[in-house]
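Engineer: quick one: sequence plus predicted model below, questions after.
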Amino acid sequence: MSEAYSAPLRGACHVDVLPEDHFDEVMINTVEPLLQRYRTKGYLTIVRGMRLHYEYYLCADPVGAVVICHGFTESAEKYRELTYYFLKAGYSVFLLDLRGHGRSYREIEDTSLTHIGKFSDYVEDFDRFIQKIVRPNAVNQPLYLFGHSMGGAIAALYLSKNPVTFRRAVLNAPMIAPVTGHWPKFMAKLMAGLACLTGNGKKRVMGFEPFDEEESFEESCDSSFARFEYYRQKRLHYRHLRNTSPTYSWLLQSLSVSKLLLNKNNCATVQAPVLLFRAEQDLLVLPGPQQTYIDRIPHGELVTVRGTKHEIYMAENEVLQPYIDHILSFFAK
């Protein structure tokens, strides 16, 4: 286990975000070495041959612990900057590479494909991580949850099934219901279901492509070019970060989960206050179901972040600074 970090801004509701004009330099020379020093990493065995990669960072005198649940095609690697801000504010941080992502177990060798047989597997894996890794290493610390996109859907399901685990939760552009492009939802679901029935559940969904080394910033989910380019360089160097496409099985499961998320009985069991950030220019998830979810849980707040795309935590500084401050203030309440 690595040493514990002494947070310089313990309990603060403001942490200065990194400068964009030399973002890569600060990340490479300051943030990454600090995180490497305090990182503990390992593998959580689910069943024989199936292991999930995790990492965590402990504070010497924590105000709490933040558990991050990443989005579709992501991993812990994409949350280095956010981890750094939480650490500086005095929170221990725990991250899991979900199955089919990052360094965790994959059913398919092609690292550009993202596959799941049952969406509930994500939730069960996340619960094992909480019980086996988070709780033993965050003893007596209040737990806070941050879930993005697909991870936001996993987090929302977890909150309904485990209502007293987390004190507060942030859902960033959560996938309450995904956008289905030119296809109506029922057609997309029918197409995915037929593919699964005919033995093509592990095939790439039509219209998606393998990893492209010339990824376009304009077509990305990021609003900050500096942050986009920094992570793009990581994807060029590490094959395990090159997820791009869903399989038909993943698509079917993601389209089916909305009914559970918006079930009134499930929503009513959520006890933790939830802060949901909605990106104004989001092209991946639908805004209406996000509002419905917030309206149906006992303690929910929805904030629309103007002028930003799906990955709000990868926005330019004029958006990111108040966003980070808002999260820290919400956790500190």
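Structural biologist: That came through fine. Here the structure is a predicted model, which means the values were calculated and not measured.
Engineer: helices of the stretch 51-200 of the chain, start to end?
Structural biologist: In the stretch 51-200 of the chain, the helices defined using DSSP state H, counting those that start in this stretch lie at 80-88, 119-129, 135-137, 150-161, 185-197.
Engineer: what's the second one packed up against?
Structural biologist: With contacts defined as 3 or more CB pairs under 8 Å, 6 or more residues apart in numbering; DSSP states H and E, helix 119-129 has these neighbours: strand 39-47, strand 50-57, strand 91-96, helix 150-161, helix 248-261. All C-beta atoms are positioned from the backbone trio N, CA, C, and that covers glycine.
Engineer: hmm, what's the outermost residue in the protein?
Structural biologist: Among the C-alpha atoms of the chain, the one most distant from their mean position (CA atoms, centre = their mean) is that of residue 198, at 31.4 Å.
Engineer: gap between the two ends of stretch 98-116?
Structural biologist: 10 Å (CA to CA, to the nearest Å).
Engineer: let the chain start at 29 from now.
Structural biologist: Taking 29 as the first residue, the last one we looked at is stretch 126-144.
Engineer: returning to that earlier point: minimum distance to residue 347: which of the helices of the stretch 79-228 of the chain has it?
Structural biologist: Within the helices of the stretch 79-228 of the chain, the stretch nearest residue 347 is helix 108-116; the backing value is 13.8 Å (CB to CB).
Engineer: now that closest one against strand 67-75, angle please.
Structural biologist: 110 degrees (axes from the mean of the first three to the mean of the last three CA atoms, to 10 degrees).
Engineer: centre-most residue in the protein?
Structural biologist: Closest-to-mean residue, the chain, CA atoms, centre = their mean: residue 98 / 2.0 Å.
Engineer: what score does the closest residue to it other than its chain neighbours have for pLDDT?
Structural biologist: Nearest residue to residue 98, sequence neighbours excluded (CB to CB, 6 or more residues apart in numbering): residue 179, at 4.9 Å. Residue 179 carries a pLDDT value of 98.
Engineer: just checking, residue 179 touches residue 97?
Structural biologist: Yes. At 3.5 Å, residue 179 counts as touching residue 97 under the criterion of CB atoms under 8 Å.
Engineer: identify the contacts common to those two.
Structural biologist: Here residue 179 and residue 97 have residue 126 as joint contacts, going by CB atoms under 8 Å, 6 or more residues apart in numbering.
Engineer: hey, C-alpha coordinates of stretch 65-77 in CSV?
Structural biologist: Extracted as CSV, the C-alpha positions of stretch 65-77 are listed here (Å, rounded to 0.1, in the frame of the first residue of the first chain):
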residue,chain,number,x,y,z
ARG,A,65,3.5,8.3,-5.5
TYR,A,66,0.2,7.8,-3.7
ARG,A,67,-1.5,5.2,-5.9
THR,A,68,-2.3,1.8,-4.7
LYS,A,69,-3.5,-0.6,-7.4
GLY,A,70,-4.5,-4.2,-7.8
TYR,A,71,-7.0,-6.7,-9.2
LEU,A,72,-10.3,-7.8,-7.7
THR,A,73,-11.2,-11.4,-8.7
ILE,A,74,-14.9,-11.9,-9.6
VAL,A,75,-14.7,-15.6,-10.6
ARG,A,76,-11.8,-17.7,-11.9
GLY,A,77,-10.1,-15.9,-14.8
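Engineer: right, I'll call it a day here.
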